[in-house]
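K.L.:
Okay, predicted coordinates and the sequence, questions at the end:
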Amino acid sequence: MDISVFTDLAKTPQPEDLRLPLAGTLKHCEIRDFVINYYPATKEEWFVSAKKYGWSYRIKDKKEQ
């Protein structure tokens with residue numbers, strides 16, 4: 001069993017690629033839009049922490065310092 005649905009490391013997923021895997025669960029787009037509207041300094045990011053786990057997605061708060 002794969003840890004991530006995004007295991008092709010040659011292709012960086014996009015936020016809209018989460019819609020199909022999350023269908024019927026959390027409303028990703030609504031949550032994403034809320035966070036980005038409420039915290040406009042956020043940054044969306046795809047990353048690979050280990051090749052065997054595939055891609056992960058996160059929204060980070062990038063406050064100016």
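P.N.:
That came through fine. Numbering: from 1, shown residues only.
K.L.:
Can you tell me the centre-most residue of this structure?
P.N.:
residue 57 (2.6 Å; CA atoms, centre = their mean).
K.L.:
mind checking pLDDT for the spatially closest residue to residue 58 that is not a sequence neighbour?
P.N.:
Of all residues not flanking residue 58 in the chain, residue 45 sits nearest, at 5.6 Å (CB to CB, 6 or more residues apart in numbering). Quick note: C-beta positions are derived from backbone N, CA and C, even for glycine. On the pLDDT scale, residue 45 is placed at 88.
K.L.:
Any figure for the gap between residue 45 and residue 10?
P.N.:
Residue 45 sits 18 Å away from residue 10, going by CB to CB, to the nearest Å.
K.L.:
Where does the closest residue to residue 47 other than its chain neighbours fall, secondary structure wise?
P.N.:
Using CB to CB, 6+ apart and skipping residues adjacent in sequence, the residue nearest residue 47 is residue 56, 5.8 Å away. If you go by DSSP states H and E, residue 56 is part of strand 55-61.
K.L.:
Check which residues of that strand are buried.
P.N.:
For strand 55-61, a neighbour-count test (16 or more other CB atoms under 10 Å) marks 55, 57 as buried.
K.L.:
Toward the C-terminus, what is the element adjacent to the host helix or strand of residue 30?
P.N.:
Residue 30 belongs to helix 28-38 when assigned by DSSP H and E. Later in the chain than helix 28-38, the nearest helix or strand by DSSP H and E is strand 42-48.
K.L.:
From the contact counts, what lies against that next one?
P.N.:
helix 28-38, strand 55-61 (3 or more CB pairs under 8 Å, 6 or more residues apart in numbering; DSSP states H and E).
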